[in-house]
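Trainee: Below are the sequence and a predicted model; questions follow.
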Amino acid sequence: MTSERAVGPVLDRDLAPVASLIGDPTRIVMLAALAEGRSLPAGDLARRAGVHPATATAHLRRLVEGGLVVVRSQGRHRYHELAGPHVAAAVEAVAQLAPATPVRSLRSDRAARTLAEARTCYDHLAGRRGVELRDRLLAVDALRMLDERDHELTSAGRRLMADMGVELPDPDRTRRVFARTCLDWTQRRPHLAGALPSAFTRRMLDLGWVSRATGRSLRVAPDYDRRLDAWLSSSDGSR
């Protein structure tokens, strides 16, 4: 008895080449490291993946050829970064399907809790705090949904962003989506991805609401909740 084998593309896309790139243990570690939103040299990525520099170079070449990673030259140095937020979203989507890493120490437990609380997803706020922020912006009518995925700011939302000093992205100068749902792999609920949450996260870092910790983790300021409450309470234009 012969078995049937699918030979055509899945839906209207050939998923196999990308799945092969992401499915390698060394390459997925590199992609996850770059999903922090930073540009990293090959040596740093080799250390993250625990491989020899020459091995890392070969893997990075495949990622570049596959369109998942780009290389930026700065003088004599070469830095690698994701080809765009869509690649980070793909890594985040894979995390939705993957089993949790077993917790074998107090340190790893603490790291997992920190990631679940607040982290960057490429360049925007994720984790419990990211999900909470989207929920609260919708609750005070600063944000409204255009369809099942995309959002826009209301007049109240524009006032809030101006009050906080967030530089709103110019839709005529960027091809990036404005504010789209991104399913959070630790919370199983959506946070916001796109040009707006990217700008907002940068402003939160500038103001010290959050600060960078290890890897993608963010450290929330002790008075974060007070600041957030005070800011959202001004959504009606009052002071």
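Mentor: That came through, no problem.
Trainee: Which of the residues in stretch 121-141 are classified as buried?
Mentor: 121-134, 136-137, 140 (16 or more other CB atoms under 10 Å). Using the backbone N, CA and C atoms, a C-beta is placed for each residue, glycine as well.
Trainee: So which of these belong to helices?
Mentor: 128-134, 136-137 (DSSP state H).
Trainee: Name the nearest of the residues you listed relative to Asp150.
Mentor: Arg134 (12.5 Å; CB to CB).
Trainee: Determine which two of the ones in helices among the buried residues of stretch 121-141 are furthest apart.
Mentor: Farthest apart among these - using CB to CB - are Arg128 and Leu137, which lie 15.1 Å from each other.
Trainee: Break the protein down into its domains, please.
Mentor: 16-85, 105-236 (automatic domain parsing).
Trainee: ranges for the helices of this structure?
Mentor: 16-23, 25-34, 42-49, 53-65, 85-97, 106-117, 128-139, 155-164, 195-207, 224-232.
Trainee: Dump these into a markdown table; add mean pLDDT and distance to Asp147 as well.
Mentor: As requested, the helices of the chain are arranged in a markdown table below (pLDDT from 0 to 100; distance: least, CB to CB, whole Å):
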| stretch | mean pLDDT | distance to Asp147 |
| --- | --- | --- |
| helix 16-23 | 87 | 26 |
| helix 25-34 | 90 | 29 |
| helix 42-49 | 92 | 37 |
| helix 53-65 | 94 | 32 |
| helix 85-97 | 79 | 17 |
| helix 106-117 | 79 | 28 |
| helix 128-139 | 97 | 14 |
| helix 155-164 | 95 | 17 |
| helix 195-207 | 96 | 16 |
| helix 224-232 | 96 | 24 |
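Trainee: Redo those helices as CSV? Include distance to Ser217.
Mentor: Output for the helices of the chain, formatted as CSV (distance: least, CB to CB, whole Å):
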stretch, distance to Ser217
helix 16-23, 23
helix 25-34, 13
helix 42-49, 15
helix 53-65, 23
helix 85-97, 15
helix 106-117, 5
helix 128-139, 11
helix 155-164, 23
helix 195-207, 13
helix 224-232, 15
